[in-house]
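Colleague: no sequence on this one, just coordinates:
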């Protein structure tokens, strides 16, 4: 099942380098950004496996990964569809 995670990166990460890496990864279904230092990532990976994928490439810096389950907020209208688990 594809889940949506919010991943919050510390400033030790260069998030602009993470984005192309996610584009190239076959484990990532889709990702988008609309909050600073954070990405929403759709994947079949567990949170732990997603952490491993990112940290193996970019080092073990502070990072927070959690699935998006119960949500509310103000985001672009077309982004809400990506929070539904598939």
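Modeller: Looks like it came in fine. These figures come from a predicted structure and were not determined experimentally. Residues are numbered from 1 along each chain as shown.

Colleague: any idea how far the longest helix along the chain is from the middle of the chain?
Modeller: Counting residues, the longest helix in the chain under DSSP state H turns out to be helix 47-58. Per C-alpha atoms, centre = their mean, to the nearest Å, the displacement of helix 47-58 from the mean C-alpha position of its chain is 11 Å.

Colleague: so what does it touch, helix or strand wise?
Modeller: Applying 3 or more C-beta pairs under 8 Å, 6 or more residues apart in numbering; DSSP states H and E, one finds that helix 47-58 contacts strand 3-9, helix 15-24, strand 63-67. Where you see a C-beta, it was placed from the backbone N, CA and C, and this is true even at glycine.

Colleague: show me what counts as buried in stretch 68-81.
Modeller: By neighbour count with 16 or more other C-beta atoms under 10 Å, stretch 68-81 contains the buried residues residue 68.

Colleague: how long is that stretch end to end?
Modeller: Stretch 68-81 has an end-to-end distance of 12 Å (criterion: C-alpha to C-alpha, to the nearest Å).

Colleague: farthest from the middle of the chain: give me that residue.
Modeller: Going by C-alpha atoms, centre = their mean, the residue of the chain most distant from its centre is residue 77, 18.4 Å out.

Colleague: if we can go back for a sec, mean pLDDT, mean neighbour count and distance to residue 40 added to the helices and strands packed on helix 47-58, as JSON lines?
Modeller: Formatted as JSON lines, the helices and strands packed on helix 47-58 follow (pLDDT from 0 to 100; neighbours: other C-beta atoms under 10 Å; distance: least, C-beta to C-beta, whole Å):
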{"stretch": "strand 3-9", "mean pLDDT": "95", "mean neighbour count": "19", "distance to residue 40": "6"}
{"stretch": "helix 15-24", "mean pLDDT": "95", "mean neighbour count": "12", "distance to residue 40": "11"}
{"stretch": "strand 63-67", "mean pLDDT": "95", "mean neighbour count": "15", "distance to residue 40": "11"}
